[in-house]
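Starting from these lines, generate the structure:
(chains A, B and C)
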Amino acid sequence: MHSRREFLKCLSLTSVAALVSPSLLLPRTSEAQASSTAQGTDAWRISGSHWGAIRARVAGGKIVEVKPFEYDKYPTEMIQGIIGLVYSSSRIRYPMVRLDWLKKRHLSDTSQRGDNRFVRVTWDQALDMFYEELERVQRDHGPWAMHTGLVGWRQTGQFHSCGNHMLRAVNMHGHTLSTAGDYSTGAGQVILPYVLGSTEVYSQGTSWEIILKETQTLVFWGSDPIKNLQVGWNCETHEAYAYLEQLKHKVAKKEIRVISIDPVSSKTQNYLNCEKQYVNPLTDVALMLGLAHTLYSEKLHDQKFLDNYTLGFEKFLPYLLGTGADKTPKSAEWAARITGIDAKRIKELARLLAKGRTQLIFGWAMQRQQHGEQPFWMGAVLAAMLGQIGLPGGGISYAHHYSSIGVPSSGAAMPGAFPLNLDPGKKPKYQSVDYRGYSQTIPCARAIDALLEPGKVIDYNGQKVKLPPYKMAIYCGCNQWHRQQDKNRMKQAFRQLETVVAVDFTWTATCRFADIVLPACTQFERNDIDAYGSYSGRGVIAMQKLVDPLFNSKTDFEIFKGLTRRFGRDKEYSRGMDEMQWLEFLYENCRKENSKKFPMPPFREFWKKGYVLFPAGKPWVRHADFRADAELNALGTPSGFIEIFSRKIANFNYPDCPGHPVWMEKSERSHGGPKSQRYPLWLQSAHPDKRLHSQLCDSEILRASYAIQGREPLFMSPQDARQRGIRHGDLVRVFNDRGQVIAGAHVSADYPPGVVRLQEGAWYAPTGPKVGALDTYGDPNVLTQDIGSSRLAQAVSPNTCVVQVEKFRGTAPAVTAFGGPQEVLPR
Amino acid sequence: MKKLWHALVSLFCRPAAKIGLGILVTVGFIAGVLSWQGFTSVMGVTNSEEFCVGCHTMQANLHELKDTVHWSNRSGVRAKCADCHVPHDFTDKMARKMKASVEVWSHITGEISTPEKFEENRLRLAQNEWARFRANGSKECRSCHDYKSMDFEKMRETSREAMRGAAQRNQSCLDCHKGIAHHKPATGNSRNPAFDGLMQAASSVSAKEGAVYYNVFPRTLYLDEALSQTAGKLEIAAAVKVLQEKGDAQQVEISAWRKSKGFGRVWYGHFGKNITQATLEKNVAQDAQRIKVTESREDPNTGLVWQKTSGVFWIKKGEVVEKIDPLWSVARDSYKSSCSVCHKQPDEAHFDANTWPGLFGGMVGFTSMDKDTQALVLKYLQSNSSDFKQAGH
Amino acid sequence: MPRKNPMCMAEWKKLLVLSFVLLPILLVGVVALYGFAVWGLQLLFLGPPGP
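This next block holds a predicted model:
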């Protein structure tokens, strides 16, 4: 009786759902037309993105024109890629399931993953399968087997923030295996709390205004703000460019010395027309040690600062001076041999840094390498020896290239987000927290190790982590198959997974290697609100829906509401509110918090206008409070002081991260380093200039502006090209022991001999599912190595990578990255 | 004088000689009806919002009300000034009307005549109303919103549980819904309403001598029972032993650790753990008479020497609570909501007490937590870190 | 033709003054006194009114 009633209830529910969901019989075009009629005609709407705020013209239900928001005085050309992103041929149109998985479910032949053959299913079928897999894994295995991938640069919008939706829904069902750290600053964010008492990499920095006024020597060390400030974590304002423009004028008038230490001529160097200082790749620590040695031996260091504000300099000195175990003074001459810079020049540089006010600005590339903790630590030691930390326009910063850091914060509260956690007092359906002795949290970069070496116990930041061989992985709005190193190793590892679910709007490589693929809509097909200026807190921006969700896509909110409905928790999930109610709720909460200092109009008024702006904040100096009173405003280090020597780290006894910064040879390195005989070129996989990681790679308009013969450009020096008989525009094969990719040669004098660049985020495009298959588009992470930075941070090390390049001969296989899956019928 | 008395006596006591009793009663009755009518009309006028804002001092309040659901909503029910601020019973209403003489006085003296002056007094005025609502269980609200008439099933998922609990406890509406009709004043520089409840709880604690209590909000430490000489600051959620109470003051003992490097102004709760308990003024921290040092030990993780110290100070009464758990529950809620906007918040026991400040300090700029909530959340994370709990690893 | 009686006039005057002037004033006064008294009691002993 009971079961029959349940059955009838289910039947009626599914039939209602079938009525509601668009019929599969409708042809594609009529669906698109049906949705477009709701939009009305010709209208300008406002929206936000990682690339800035935009106004978009919608005509006939299509986005036809995008222009920057008036407040944005330095818009990026990337916004011109937005139309291409929405109407890309790579859009996921329908819920899809991998052919063999559909037949055999979790017992499928996983070596077929990546063959890109998928079957179209209905939303109900797809969500049922998703839910049944959640049930199966929690029931048969437990929380250790369910992995939710780290969500990084999700599409913007505080309400639709997709990671929050995934985690709230999946964690309503059961506990999962989660990750620590991230792919951008993995080493930096672990080492700096020990040294400077804060992660620093995501901290507000000294205001540009003060740097422009006070700094006499400004050093960009592996930092390229002109390129990287184009994108921001929330809706980007591009305000920092105004200051960089002033800096350019000051450089021209010789009112400030700006030196860029970088193996290549960066976009920033070329923009500012500043001094360039070449350094051999991956040898920054050696250069810093050479500088430190010079400062100390010429008594240019600030001993008083070291005494009052730091700990452990005396324990570092024997290493620096060569009176310690290795008997090697880290002199300018010693550094010269490693860094490729003349000893005289190193000494000059040291004297320059010690003269007048010096601000060091570090980028993140240096810590995305093996021993990536060392350059950030040694940078802090160098800055401490200069004794200017906490002075206006002095000291060190690790993030002035990020999200307009250096533009003072307005101090206004920004809108909150859709709740990631379960509501207070709620418990998941499966409450088991039995991880079978495996760790609940693993460093994100070691997610592939967990599949290949299950049960392995690794060191991580003073703890022991036991890697669980998880069975199911869920990726939502993140491209695991772009950011993780060593694709061929990853291919091997993914065969261990029983089920992979991917939720995205575009057919990334992560979808290609998934089993259930769910089409989310883009941020331009939903209503949302966002912070305008992640750090400046310049305002709140409305993201008005431009067009209805294309094809069969849905918002993440609707997708996961549908998932939670399958275990009767959808009301709790959505709190009974719809999209606009949530926006009003988030906005009004923000308004309430700001009511005293920053009056905001009521929601309806705000939504109509599209934005609210706050006045500029006061200029600010990082660490000034610490310098003013080191006892009351102690740093967050174990001692409260800058730790040049960290006993805590020393007590971990990690050979690859001892108690003070040291120079260590890398597992591979160009310019005479290990493996350079066979693979003489250093491959740097820097952040792209016309993408945000892998986002916008599918935008054909934008890709056409940089691709070479439809492939990702490989930037290389004229000398290296000539030696290999390569001309600009040729197709090349880039390879090492780990893999091979085709790319288009972009020969440029900005690159010195021995250095090549493939920008990360190039879509992975293998010729097939076989391990070792040629990548047809040019993803650098086919070539990079998947090793931890050290036992301390276990972060990614993509920049420790050497390759060889040759001209591609024969007929190049077509690019397989774009255009979505091969749709097949179930047989 | 005498004459007047006689006149009055004759006026009331001498029977009417010429006018009929019926006429007398009729005229009296009519006069009674008219004056009662007049009285209630005047009462009505003084209850209207035009009257309330007539003195210009309350116009801002009305403006704030107009932005809320109590002014305009889909059902067309409006709550005006008097509906909430004037009691509905005769006795209390009359008392309140007479109390308004203070308001007349304040209007004459111009106490809140400008928006700036009003803001200065907003907290005090709000506290008056909060106290009134606390005492009568938000009676005025409940003349419209009664627990008995609520259909909990029709509420939002999240409201439902909260409202059910409140109904069971017969809780006063304003306990949770402060600032529902006017801007909420900043209480003690804090924007986190959760502190209000803690401070209310603290105000009613009668401390037992010799027992340990926890500070709910950063407070001033004094050297004397007259609370005239400041000694420093007692940090949020710090533990103190109450020694005695005298008048409005409480004598407390603080036992803690401090670093020997520097002036020893910052006191920490545990050896080698940077969990702050108190910060003292320099001269107090250096006063060997006042500060007892009983032990010195080197911290193996930094090489710094830590001293075990204790000192006796005075604080104002009514600032501490018996248990730390309510503080932690406020902190946990703030942590979970504020730190999951961008990513999943790490487990408390994922890091140790001395690692949390660095991580927290690096990320907290992204949240809109106020300073005191930040301090409380950090202390919560440190006190529930891997140093004190088994890690989830 | 009835003669005007001064006594009658005085009584009418008294009646009207009493019922339309004096007693209404008294009413306000008594109520105000009551209000003040209750307020005073609240301040001193009762505390703010309960539910």
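
what's near enough to touch A:D182?
A:150, A:152, A:189, A:444 (C-beta atoms under 8 Å, 6 or more residues apart in numbering or on different chains). The C-beta positions use only the backbone N, C-alpha and C, and glycine is treated the same way.

which SS class is the residue nearest to the second one when sequence neighbours are not counted?
Taking C-beta to C-beta, 6 or more residues apart in numbering or on different chains as the measure, A:G152 lies nearest to A:C478, with 5.7 Å between them; neighbours along the chain are not counted. Remark: A:C478 carries the secondary structure label coil [criterion: DSSP: H, G, I helix; E, B strand; the rest coil].

How about B:I315?
Counting by three-state DSSP, the backbone at B:I315 sits in strand.

same deal with B:M98?
Assigned by three-state DSSP, the conformation of B:M98 is helix.

my read: the residue nearest to A:G152 touches A:V151, true?
Yes. A:C478 is in contact with A:V151 according to C-beta atoms under 8 Å; the separation is 4.8 Å.

surely B:A60 meets B:E119?
No. With contacts defined as C-beta under 8 Å, B:A60 does not count as touching B:E119, sitting 9.0 Å away.

need the helix or strand of the chain with the lowest average pLDDT.
You didn't pick a chain, so chain A it is. helix A:28-37 (a mean of 40; mean pLDDT, DSSP states H and E).

Contact partners for the residue nearest to A:R566 when sequence neighbours are not counted?
Nearest non-adjacent residue to A:R566, counting by C-beta to C-beta, 6+ apart: A:Y131, 4.0 Å away. Going by C-beta under 8 Å, 6+ apart, A:Y131 touches A:563, A:566-567.

hmm, which of those are the buried ones?
Among the contacts of A:Y131, the ones that count as buried by 16 or more other C-beta atoms under 10 Å in any protein chain shown are A:563, A:566-567.

Go through those and say which is closest to chain C.
For these, the closest approach to chain C (C-beta to the nearest C-beta) belongs to A:F567, at 42.8 Å.

So chain B: which segments form each domain?
Following automatic domain parsing, one finds the domains of chain B at B:49-175, B:206-321, B:325-383.

ok, A:E823 to A:E525 distance?
Distance, A:E823 to A:E525, by C-beta to C-beta, to the nearest Å: 22 Å.

again but with A:T339, I slipped
For A:T339, the distance to A:E525 - C-beta to C-beta - is 50 Å.

I'd guessed B:T68 sits against B:A181; true?
Yes. With contact defined as C-beta under 8 Å, B:T68 counts as touching B:A181 (5.4 Å).

Next, give phi and psi for the residue of the stretch 501-650 of chain A found nearest chain B.
Using C-beta to the nearest C-beta, A:G636 is the residue of the stretch 501-650 of chain A that sits closest to chain B, at 3.3 Å. Note on A:G636: its backbone torsions stand at phi -80, psi 20 [degrees, to the nearest 10].

which residues does it contact?
Per C-beta under 8 Å, 6+ apart, neighbours of A:G636: A:193, A:197-198, B:274, B:356-362.

mind putting the residues you listed in TSV, secondary structure, pLDDT and distance to chain C included?
TSV is the format used below for these (DSSP: H, G, I helix; E, B strand; the rest coil; pLDDT from 0 to 100; distance: C-beta to the nearest C-beta, whole Å):
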residue	secondary structure	pLDDT	distance to chain C
A:P193	helix	95	51
A:G197	coil	94	49
A:S198	coil	93	48
B:N274	strand	94	45
B:W356	helix	91	43
B:P357	helix	90	44
B:G358	helix	84	48
B:L359	helix	84	46
B:F360	helix	88	42
B:G361	helix	82	44
B:G362	helix	76	47
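
that older thread, out of A:E823 and A:E525, which sits in the more crowded spot?
Comparing A:E823 with A:E525 by neighbour count (other C-beta atoms under 10 Å in any protein chain shown), the higher total belongs to A:E525, at 21 against 14.

which residues does that one contact?
A:86, A:545-550, A:553, A:555.

Which of those has the largest number of neighbours?
Across the contacts of A:E525, neighbour numbers were computed from other C-beta under 10 Å; A:L546 holds the maximum, 27 neighbours.

how about the nearest residue to residue 47, chain neighbours excluded?
This is for chain A. Among residues not flanking A:S47 along the chain, A:M543 sits closest, at 4.6 Å (C-beta to C-beta, 6+ apart).

oops, chain C please
Leaving aside its chain neighbours, C:G47 sits nearest to B:A135 (6.3 Å; criterion: C-beta to C-beta, 6+ apart).

tally of neighbours for the residue nearest to A:G152?
So A:C478, with other C-beta under 10 Å, has 26 neighbours.

Can you give me the pLDDT of it?
At A:C478, the pLDDT value in this model is 95.

residues contacting it?
A:149-154, A:163, A:510 are the contacts of A:C478 under C-beta under 8 Å, 6+ apart.

Recalculate using a threshold of 6 Å.
Counting by C-beta atoms under 6 Å, 6 or more residues apart in numbering or on different chains, A:C478 touches A:149, A:151-152.

One more: A:C444?
Per C-beta under 6 Å, 6+ apart, neighbours of A:C444: A:150, A:179, A:181.

Highest neighbour count among those?
The most neighbours of any of the contacts of A:C444, using other C-beta under 10 Å, belong to A:G181, which has 24 neighbours.

do you know how far it is from A:R139?
Taking C-beta to C-beta, one finds A:G181 at 30 Å from A:R139.

can I see the domain layout of chain A?
Split into domains by the TED database, chain A comes to A:96-183+A:413-613, A:187-397+A:629-652, A:681-822.

At the contact with chain B, which residues of chain A appear?
Counting by C-beta under 6 Å from any C-beta of the partner chain, chain A comes close to chain B at A:167, A:178, A:193, A:197-199, A:202-204, A:413, A:416-417, A:420-421, A:423, A:439-440, A:463, A:571-572, A:575-576, A:593, A:595, A:631, A:636, A:638-639, A:647-648.

Can you select the buried ones among those residues for me in ChimeraX?
Command for ChimeraX that selects the buried part of the residues of chain A next to chain B, burial taken from 16+ other C-beta under 10 Å:
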select /A:167,178,193,197,198,199,202,203,204,413,416,417,420,421,439,440,463,572,575,576,593,595,631,636,638,639,647,648
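
Restricted to helices, list the residues of chain A next to chain B.
Judged by DSSP state H, helices contain the following of the residues of chain A next to chain B: A:167, A:193, A:571-572, A:593, A:647-648.

Nice, that's everything, thank you.
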